[in-house]
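**Q** Requesting a structural model of the entry that follows:
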Amino acid sequence: MTLQTWLLFALVLFAVGLYAVLARRNLIAILIGVELMLNAANINFLAFHRFVTNDPAVGQIVVLFVIGLAAAEVAIALSIVLAVYRERKAIDVQDLEELKG
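**A** Numbering: from 1, shown residues only. Purely as a prediction, here's the structure:
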């Protein structure tokens with residue numbers, strides 16, 4: 001597979017994640033969309049690591065850092081979703097408009 005193939009795959013994955021973030025009203029679906037976008041960034045890092053650089057560790061270290069960041073983001077986001085659900089009995093984004101002010 002070529003670099004262009006991997007970049008096209010990452011673009012499609014990022015577009016699906018962006019659609020999930022912008023079009024969904026469920027907080028869990030939005031969180032899944034963010035995770036898809038982070039995975040698309042990981043694919044880009046690994047593709048450029050494989051086809052452009054000679055150093056074997058740079059792309060892999062960045063990807064491991066992003067995976068750790070995504071795990072922390074999921075833990076915090078799920079705790080926020082659980083707290084909102086306990087308070088409001090819903091995780092629909094439209095029901096949370098009162099929290100803005």
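
**Q** residues touching the residue positioned nearest the centre of the chain, list them.
**A** Geometric centre of the chain, nearest residue: residue 35, 2.3 Å, by Cα atoms, centre = their mean. The contact partners of residue 35, taken as Cβ atoms under 8 Å, 6 or more residues apart in numbering, are 17, 70, 74. No exception for glycine: its C-beta is placed from N, CA and C like everyone else's.

**Q** repeat for residue 13
**A** Neighbour list for residue 13: 36, 37, 39, 40, 43 [criterion: Cβ under 8 Å, 6+ apart].

**Q** rewinding a little: for the helix or strand harbouring the residue nearest to the centre of the chain, the distance to its chain's centre please.
**A** Using DSSP states H and E, residue 35 sits in helix 27-51. Chain-centre distance of helix 27-51: 6 Å, with Cα atoms, centre = their mean, to the nearest Å.

**Q** ok so, going back, between the contacts of residue 35, which has the most around it?
**A** Greatest neighbour count in the contacts of residue 35, by other Cβ atoms under 10 Å, goes to residue 17: 21 neighbours.

**Q** Which helix or which strand is home to it?
**A** According to DSSP H and E, residue 17 maps onto helix 3-23.

**Q** Next: residue 90.
**A** Assigned by DSSP H and E, residue 90 falls within no helix or strand.
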